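Colleague: Sequence unavailable; structure follows:
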Ligand SMILES: C[S@@+](CC[C@H](N)C(=O)[O-])C[C@H]1O[C@@H](n2cnc3c(N)ncnc32)[C@H](O)[C@@H]1O
């Protein structure tokens, strides 16, 4: 029998945010290689006998883990297994999914991608923050906060109505300072949504200025949202009324 690899998005955490297609693929898999941001409750949905392997990466060991993951996928698929590479959110949003597809195609291995609901959209949304809002935000940008200086041009992103920053917890102070330097108002509201859609979800509201001064405690993983749309969630939480921005 010919094996195949599925690169599947698991959504942000809540198993109910898995797509029907992802569920179908998972239930038909022999082996599932899953990431750190995949909610382990999703693994309860697999048929019994499916082999599950945790391949989450710690800071500093990404490259060697990635090589191990590629080798594992190749090994299992060459033995004829249906292999699912299960990633948090969507596999192509800061997920190295495209690199994995290329690796497999270069080796003539059949591969199919199953998109997932990305944390960049679902996590703010379920915390009551719309990324676009008539009269308030007509554009949003999703930016990696993994590095504060160097390749990320915060002065360009600072012009976008709503900023959604992933992997930005560790650099939050520096990012906030760069955005203020580029002209954003220090009084502007921001939100961090920690472990969005998981049972442990926590939403922290603050201002850009407070973040810049290092006054805001946040734990990863979190989505960092900057923009006037954050006011919407605060009002929504207080009064449940929709307000104009
Ligand atoms: C390597 S990126 C992967 C993003 C993923 N592919 C997606 O589409 O959601 C990891 C970052 O996504 C964000 N993230 C993912 N899941 C999250 C969740 N449930 N709650 C908050 N942030 C999350 C965090 O910023 C985290 O550092």
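Modeller: Now that the structure is in, tell me what you want to look at. Computed from a prediction, not measured in an experiment: that's the story for all the values here.
Colleague: where in this protein is pLDDT low?
Modeller: Residue ranges of the chain with pLDDT under 70: 1, 237-245.
Colleague: In contact with the residue of the chain found nearest the ligand, which residues are there?
Modeller: Residue nearest to the ligand within the chain: residue 89 (2.0 Å; Cβ to the nearest ligand atom). Quick note: C-beta positions are derived from backbone N, CA and C, even for glycine. Residues near residue 89 by Cβ atoms under 8 Å, 6 or more residues apart in numbering: 9-12, 37, 95, 116-120.
Colleague: and the end-to-end length of stretch 8-23?
Modeller: Terminal residues of stretch 8-23 lie 10 Å apart, using Cα to Cα, to the nearest Å.
Colleague: how about it: buried residues?
Modeller: With burial defined by 16 or more other Cβ atoms under 10 Å, the residues of stretch 8-23 counted as buried are 8-15, 17-19, 22-23.
Colleague: Among those, name the ones in helices.
Modeller: Judged by DSSP state H, the buried residues of stretch 8-23 include 22-23 as members of helices.
Colleague: Among the buried residues of stretch 8-23, which ones are in strands?
Modeller: Among those, DSSP state E puts 8-9 in strands.
Colleague: Reformat the buried residues of stretch 8-23 as TSV; add distance to residue 99.
Modeller: What follows is the buried residues of stretch 8-23, written out as TSV (distance: Cβ to Cβ, whole Å):
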residue	distance to residue 99
8	15
9	15
10	18
11	21
12	21
13	24
14	27
15	26
17	24
18	23
19	22
22	20
23	25
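Colleague: so which of the buried residues of stretch 8-23 are also by the ligand?
Modeller: Here is what survives when the buried residues of stretch 8-23 are matched to the ligand using Cβ under 6 Å from any ligand atom: 12-13.
Colleague: what's the closest of the buried residues of stretch 8-23 to residue 149?
Modeller: For the buried residues of stretch 8-23, the closest approach to residue 149 (Cβ to Cβ) belongs to residue 12, at 28.3 Å.
Colleague: Residue 117 is in contact with the closest one, correct?
Modeller: Yes: at 6.4 Å, residue 12 and residue 117 qualify as touching, with contact defined as Cβ atoms under 8 Å.
Colleague: rewinding a little: what sits opposite the residue of the chain closest to the ligand in the beta ladder?
Modeller: For residue 89, the beta-bridge partners are residue 11 (DSSP bridges).
Colleague: where exactly do the helices run in this structure?
Modeller: Under DSSP H, the chain gives helices at 20-27, 62-78, 97-106, 119-126, 154-157, 172-181, 208-212, 229-239.
Colleague: Need these in JSON lines (columns: distance to residue 135).
Modeller: Below are those laid out as JSON lines (distance: least, Cβ to Cβ, whole Å):
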{"stretch": "helix 20-27", "distance to residue 135": "35"}
{"stretch": "helix 62-78", "distance to residue 135": "41"}
{"stretch": "helix 97-106", "distance to residue 135": "35"}
{"stretch": "helix 119-126", "distance to residue 135": "18"}
{"stretch": "helix 154-157", "distance to residue 135": "22"}
{"stretch": "helix 172-181", "distance to residue 135": "22"}
{"stretch": "helix 208-212", "distance to residue 135": "21"}
{"stretch": "helix 229-239", "distance to residue 135": "11"}
